[in-house]
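Peer 1: Output the structure for:
(one chain, ligands or ions: 1)
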Amino acid sequence: MNKPLILVVEDDKPIRNLIAATLKSHDYKFISAENGAGAIMEASSHNPDIMLLDLGLPDMDGVEVIRRIRSWSEMPVIVISARSEDRDKIDALDSGADDYLTKPFSVEELLARIRVAQRRLSSARSEQIAAGSLFVNGELKIDMAAGCVFLGDEPVHLTPIEYKLLCLLAANVGKVLTHTYITQKIWGSSWENDIASLRVFMATLRKKLESDPESKRCIQTHIGVGYRMIRIDQTERDENDQ
Ligand code: CA
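Peer 2: From the prediction side, this is the model:
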């Protein structure tokens, strides 16, 4: 796949320059915007592949930028937030952001997140996980038509909720799903109780996938945020659970 076009949205000039220099030195093509209105304009006129979005913008909340862009674009959005914006980060993920970086971040971390987004982009383009299809990630196989899960050739017996959870993570591979998003999808609500239940179901699901260490690793926990399934075959070294 060709290098994607990245839209960098950041009002803080030193940070924008740092990101620009990093992208340039890794041969990424990029465009930039200093505020929300500029971001929406650049996104609609250049149709970038990935957006790096600072949440604290002068004219508009970054979450609002995502909401507007999500009405017509599925491009991966990586949110960049300050520690004080943790709640906003979760709102951003619930509004359709894919991933997040917390300031201060390292250049390596930034590049790793971009690679994850690139993979999501290429898998979304090439495979389109449809109901009734086979999902494969490392040793993990989900036969969605039959409702069966395998690790290698061994069947894995999951409860209906564990199966729904696994399918939800698989359908969004590469993307961080928040507790609220997951509980809404699974139970149709997101009370504290549901989030506590979610932890329990995730623990048992992981235990069942544990016989294969790679499959266990494929579900990342983002403490205080949610979970993400990562692509096993190309995980490289970009694991930085937060
Ligand atoms: Ca800012």
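Peer 1: switch to C-alpha atoms for all contacts and neighbour counts from now on
Peer 2: Fine.
Peer 1: Quick one: neighbours of the residue in the chain that the ion sits nearest to, just the number.
Peer 2: Per Cα to the ion, residue 56 is where the chain lies closest to the ion, at 4.0 Å. A count of nearby residues for residue 56, using other Cα atoms under 10 Å, gives 20.
Peer 1: Now do the same contact list for the residue nearest to it when sequence neighbours are not counted.
Peer 2: Leaving aside its sequence neighbours, residue 56 sits nearest to residue 62 (Cα to Cα, 6 or more residues apart in numbering; 6.3 Å). Residue 62 sits next to 36, 53-56, 92 when contact means Cα atoms under 8 Å, 6 or more residues apart in numbering.
Peer 1: Just the ones of these in strands?
Peer 2: 53-54 (DSSP state E).
Peer 1: residues from this structure in reach of the ion?
Peer 2: Residues of the chain lying near the ion by Cα under 5 Å from the ion: 56-57.
Peer 1: Find the centremost residue of the chain, please.
Peer 2: residue 175 (2.0 Å; Cα atoms, centre = their mean).
Peer 1: To which secondary structure element is that one assigned?
Peer 2: Using DSSP states H and E, residue 175 sits in no helix or strand.
Peer 1: For it, give me its contacts.
Peer 2: By Cα under 8 Å, 6+ apart, the contact list for residue 175 reads 98-99, 120, 228-230.
Peer 1: Return the item of these having minimum pLDDT.
Peer 2: Lowest pLDDT of the contacts of residue 175: residue 120, 80.
Peer 1: Residue 89 versus that residue, what's the distance?
Peer 2: Taking Cα to Cα, to the nearest Å as the measure, residue 120 falls 20 Å from residue 89.
Peer 1: Then residue 209?
Peer 2: Distance from residue 209 to residue 89, by Cα to Cα: 29 Å.
Peer 1: after the lowest-mean-pLDDT helix or strand in the chain, next one along is what?
Peer 2: Taking mean pLDDT, DSSP states H and E as the measure, helix 213-217 is the helix or strand of the chain with the lowest mean score, a mean of 65. Downstream of helix 213-217, the first helix or strand assigned by DSSP H and E is strand 219-222.
Peer 1: Run the chain-centre distance for that next one.
Peer 2: Strand 219-222 has its C-alpha centroid displaced from the chain centroid by 11 Å (Cα atoms, centre = their mean, to the nearest Å).
Peer 1: Please produce TSV containing the contacts of residue 62, extended by pLDDT.
Peer 2: Output for those, formatted as TSV (pLDDT from 0 to 100):
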residue	pLDDT
36	97
53	97
54	96
55	94
56	93
92	94
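Peer 1: From the contact counts, what lies against the helix or strand where residue 108 lies?
Peer 2: Using DSSP H and E, residue 108 sits within helix 107-126. Secondary-structure packing of helix 107-126 (3 or more Cα pairs under 8 Å, 6 or more residues apart in numbering; DSSP states H and E): strand 50-54, strand 77-81, strand 99-102.
Peer 1: give me the number of residues near residue 85?
Peer 2: Around residue 85 there are 14 other residues, counting by other Cα under 10 Å.
Peer 1: Make residue 1 into 892 and carry on from there
Peer 2: I'll keep to 892 as the first residue from here, and by that count the last item is residue 976.
Peer 1: looking at this, it is in a strand?
Peer 2: No - with DSSP: H, G, I helix; E, B strand; the rest coil as the criterion, residue 976 is assigned helix and is not in a strand.
Peer 1: Could you check the pLDDT of it?
Peer 2: Confidence for residue 976, expressed as pLDDT, is 76.
Peer 1: which stretches of this protein form strands?
Peer 2: 896-900, 920-924, 941-945, 968-972, 990-993, 1025-1028, 1031-1034, 1039-1042, 1045-1047, 1068-1069, 1110-1113, 1117-1120.
Peer 1: contact partners of the last one?
Peer 2: Put plainly, it is strand 1117-1120. Identification of contacts with strand 1117-1120 by Cα under 8 Å, 6+ apart yields 1060-1061, 1063-1070, 1109-1113.
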